[in-house]
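Chemist: need a 3D model of the sequence below.
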Amino acid sequence: MSVFNSDVRGKRMTKYDDDYRLIRQAQDLDAVTRPDRRAIHFSLEKLNGSWRTQISGKVKTWVLKSFGLKLMQRFFPTFKVGGIVFVTRYDDVVAVLKDHTSFNVPFGPEMQEMAGGTVFALGDDGEVHSDQSEFMHEAMKAVDIDGGIRPCVRRVTQALLADAGGEIDVARDVFRRITSEACLEAMGIETDSALDFADYSAACSALIFGDPNGTPWMREQAMIGAKRKREVLDMNIRAYTALSPKARNAVKPKRVLHHLVDLVEAKTGKPLDEDGHALVRTMLFGIITGFVPTAALGAGKLMVFLRKNP
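Modeler: Reported below is the predicted structural model:
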């Protein structure tokens with residue numbers, strides 16, 4: 001089966017083409033069938049697809065890293081495959097990123113669906129992006145790298161290595177865990193399993209950034225992960241908003257979640273209502289979706305570099 005979807009004219013297309021037609025179709029189907037995502041088994045391994053898909057992906061990655069990208073930059077700097085256009089030169093990439101009129105971000109519909117009805121800044125180029133960015137930039141000042149994040153990462157890493165028995169999968173068992181623990185610490189979120197939370201975030205990230213063709217099994221797993229992540233965020237937001245003013249002031253140190261709630265309430269001039277709750281959840285959802293997978297990937301790249309350059 002082709003990895004591309006076809007429109008009514010037989011042309012290859014992505015899920016973003018024709019006014020997000022493939023995304024809308026999937027959303028309409030869910031609205032009719034109303035799948036019980038609490039009853040469906042979640043597994044991050046399902047995102048890998050069949051063994052043929054995995055082998056094909058590894059071959060394509062090897063080709064791009066070995067010589068494909070260099071050839072494209074030299075001879076085909078703008079290269080179209082099916083419904084996807086590859087922009088390979090730095091100046092062209094910068095030009096695309098700056099031209100919001102011609103190249104708008106395509107992530108809005110799925111970000112809005114996963115976050116629970118409100119679009120995240122990453123899915124918008126206009127007022128929503130500006131307003132949420134203002135909140136998030138202010139709230140992120142609460143992240144204490146030296147006093148909060150580093151001690152957390154050090155403590156978890158030392159515990160994992162001490163319990164490993166001399167052998168451990170660094171990428172899966174260390175980086176995935178510590179990036180999730182660091183994220184939870186920075187955001188001010190409590191949950192039963194940091195590893196499950198990491199997997200939910202990875203599934204959501206894969207749908208947004210790694211599935212331009214609209215793969216059904218990737219969407220299913222991402223939506224299961226999104227539902228469970230929303231439940232964790234809702235529980236933590238409600239726990240903070242239920243506190244008395246005196247108890248809130250006693251929360252030390254305040255994390256990103258606490259500051260976002262305080263900022264939204266200060267701007268609206270009233271206690272957090274349903275719309276405010278949805279806004280806080282959306283901003284947390286979006287930050288976390290990028291935080292955990294991206295940080296884990298970056299840690300892996302650093303490890304590869306250090307191994308090659310001891």
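Chemist: surely T191 is within a strand?
Modeler: No. Counting by DSSP: H, G, I helix; E, B strand; the rest coil, T191 is not part of a strand but coil.
Chemist: isn't it right up against L233?
Modeler: No. Judged on CB atoms under 8 Å, T191 makes no contact with L233 at a distance of 9.3 Å. To be clear about C-beta, it is placed using only N, CA and C from the backbone, and glycine gets the same treatment.
Chemist: for the stretch 201-310 of the chain, just list every one of the helices.
Modeler: Assigned by DSSP state H, counting those that start in this stretch, the helices in the stretch 201-310 of the chain fall at 216-241, 245-249, 256-268, 274-308.
Chemist: among the ones you listed, which is nearest I168?
Modeler: Minimum separation from I168 across the helices of the stretch 201-310 of the chain (CB to CB) falls at helix 274-308, 12.4 Å.
Chemist: what's the model's confidence in the closest one, averaged?
Modeler: Mean pLDDT, helix 274-308: 89.
Chemist: for T191 and L233, indicate the residue with more neighbours.
Modeler: Neighbour count, other CB atoms under 10 Å: between T191 and L233, L233 has more, with 24 against 17.
Chemist: okay, the more buried one: pLDDT?
Modeler: Predicted confidence (pLDDT) for L233: 97.
Chemist: G116 now?
Modeler: pLDDT at G116 comes out at 88.
Chemist: for it, which non-adjacent residue is closest in space?
Modeler: Residue nearest to G116 in three dimensions, not counting chain neighbours: R230, with 5.2 Å by CB to CB, 6 or more residues apart in numbering.
Chemist: now do T289
Modeler: C204 (4.7 Å).
Chemist: over to R248?
Modeler: Y240 is the one closest to R248 (CB to CB, 6+ apart), at 7.1 Å.
Chemist: from F291, how far off is R238?
Modeler: 22 Å (CB to CB, to the nearest Å).
Chemist: how about V63?
Modeler: Applying CB to CB to V63 and F291 gives a distance of 30 Å.
Chemist: could you do G82 as well?
Modeler: Counting by CB to CB, the gap from G82 to F291 is 31 Å.
Chemist: which one of the two is surrounded by more residues?
Modeler: More crowded of G82 and F291, by other CB under 10 Å: F291, with 21 against 16.
Chemist: contact partners for the closest residue in space to that one that isn't next to it in sequence?
Modeler: Closest residue to F291 apart from its sequence neighbours, by CB to CB, 6+ apart: C183 at 4.8 Å. Residues near C183 by CB atoms under 8 Å, 6 or more residues apart in numbering: 189, 197, 201, 288, 291-292, 295.
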